[in-house]
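A.B. asks: no FASTA, just this:
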């Protein structure tokens, strides 16, 4: 039988103050996007969502029409 490693458990010793200090330390390491990057990527997300919505909506319309043709007979 193969012994699987035990899942690592987080070490919560130190309490909430230590936790919040570590969170602050980790957030300082994050490379945040610039305002221009956020605006451009938001526009991309909205545009792609719109195109996919149109695609799915048109498929739904087509399938509804085809189903309607079969049910009328």
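C.D. replies: Yep, it's here. All of these numbers come straight from a predicted model, not from anything done at the bench.

A.B. asks: give me the element the most centrally placed residue in the chain is part of.
C.D. replies: Centroid check for the chain by CA atoms, centre = their mean gives residue 45 as the closest residue, at 11.4 Å. Assigned by DSSP states H and E, residue 45 belongs to helix 35-72.

A.B. asks: residue 26: neighbour count?
C.D. replies: Using other CB atoms under 10 Å, residue 26 is surrounded by 9 other residues. Bear in mind the C-beta positions are built from the backbone N, C-alpha and C, glycine included.

A.B. asks: separation between it and residue 47?
C.D. replies: To residue 47, residue 26 is 33 Å away according to CB to CB, to the nearest Å.

A.B. asks: kindly report the same for residue 56.
C.D. replies: For residue 56 relative to residue 47 (CB to CB), the value is 15 Å.

A.B. asks: what about the chain, any weak spots by pLDDT?
C.D. replies: Within the chain, the ranges that satisfy pLDDT under 70 run 1-2, 4, 10-12, 73.

A.B. asks: now do 50
C.D. replies: Regions of the chain meeting the criterion pLDDT under 50 are absent.

A.B. asks: picking up where we left off before, helices and strands around the helix holding residue 45, which ones?
C.D. replies: The helices and strands touching helix 35-72, judged by 3 or more CB pairs under 8 Å, 6 or more residues apart in numbering; DSSP states H and E, number zero.

A.B. asks: centre of the chain to it, how far?
C.D. replies: From the chain centre to the centre of helix 35-72 is a distance of 18 Å (CA atoms, centre = their mean, to the nearest Å).

A.B. asks: with stretch 61-73 instead?
C.D. replies: On CA atoms, centre = their mean, the centre of stretch 61-73 falls 35 Å from the chain's centre.

A.B. asks: does residue 27 sit in a helix, a strand or a coil?
C.D. replies: helix (DSSP: H, G, I helix; E, B strand; the rest coil).

A.B. asks: the one 5 residues further on too?
C.D. replies: On the three-state scheme (three-state DSSP), residue 32 is labelled coil.

A.B. asks: ditto for residue 7
C.D. replies: coil.

A.B. asks: run a quick neighbour tally on it.
C.D. replies: Quick note: residue 7 (other CB under 10 Å) scores 5 neighbours.
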